[in-house]
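*Asks:* quick one, fold the following:
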Amino acid sequence: MPKLSPEKEQAVEERRWKIWRLRVVRKADLTEIVKLLGVSRRTVVSDLAVMRDVRLEHIRLAVAEQQATIDAAIEVAESCDAVVRQAWTDLEAADKGSFARAKFLNTILNAVRWKIEVLQAVGLLPRQPDEMILTEGSGIRDLSDQEGDKLLAMLKILVREGTSLEDFERQVRRDARTERRRVTRQIAAGNETA
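*Replies:* Have a look, this model is predicted:
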């Protein structure tokens with residue numbers, strides 16, 4: 001078959017898209033398409049076959065791109081897991097009163113958060129409403145030793161059992177309410193004795 005001129009190629013491509021839209025979008029049968037465009041039935045059948053192959057190739061490329069994105073996200077998640085494991089090891093080796101413990105907890109928290117964000121971005125993990133465990137401007141360093149130990153225990157559970165971030169945050173809020181009630185009762189009891 002001789003090579004078509006660029007203008008002729010463009011005209012053929014436009015005709016193929018018209019035929020595809022008529023058949024797929026408007027659900028026109030072959031006879032209607034032949035009448036509407038003034039081309040032979042053989043041309044319509046041939047163009048539909050070409051467009052079907054083009055669409056299949058587009059789908060194959062999209063699936064390959066999606067798979068590459070998912071593979072990259074899984075690789076990032078595995079890297080985050082490695083960071084979390086190393087931070088736990090370093091945390092457990094650090095002295096109890098060391099400031100390095102806060103650094104390791106921050107690393108763990110950020111790695112888990114990053115893993116969740118990456119997996120949610122590619123649709124491998126459902127998105128939850130955005131809520132922060134810590135208020136804006138605060139961080140791990142603002143926690144008392146007791147609060148840090150509680151957070152550490154909860155993070156261990158989160159990582160080990162694959163607990164969802166939503167359940168983890170719910171538990172943190174529940175513990176914070178319990179602690180506030182305990183402190184309020186202590187203050188009220190102190191005021192009664194005074």
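*Asks:* what residue lies at the spatial centre of the chain?
*Replies:* Among the residues of the chain, the one closest to the centroid is residue 120, at 1.5 Å (Cα atoms, centre = their mean).
*Asks:* so residue 80 is in which element?
*Replies:* Using DSSP states H and E, residue 80 maps to helix 41-93.
*Asks:* just checking, next helix/strand downstream of that helix?
*Replies:* Stepping forward along the backbone from helix 41-93, the first helix or strand reached (DSSP H and E) is helix 100-121.
*Asks:* which strands and helices lie in contact with that next one?
*Replies:* Counting contacts by 3 or more Cβ pairs under 8 Å, 6 or more residues apart in numbering; DSSP states H and E, the secondary-structure elements packed against helix 100-121 are helix 41-93, helix 145-161, helix 165-193. Glycine gets a C-beta too; all of them are placed from N, C-alpha and C.
*Asks:* and the ones you listed: which comes nearest residue 33?
*Replies:* Counting by Cβ to Cβ, residue 33 lies closest to helix 41-93 out of these; the figure is 5.1 Å.
*Asks:* let me know the angle separating the closest one from helix 145-161.
*Replies:* With axes from the mean of the first three to the mean of the last three Cα atoms, to 10 degrees as the basis, helix 41-93 and helix 145-161 are set at 140 degrees to each other.
*Asks:* helix 41-93 - contacts with which helices or strands?
*Replies:* Counting contacts by 3+ Cβ pairs under 8 Å, 6+ apart, helix 41-93 packs against helix 6-20, helix 30-37, helix 100-121, helix 145-161.
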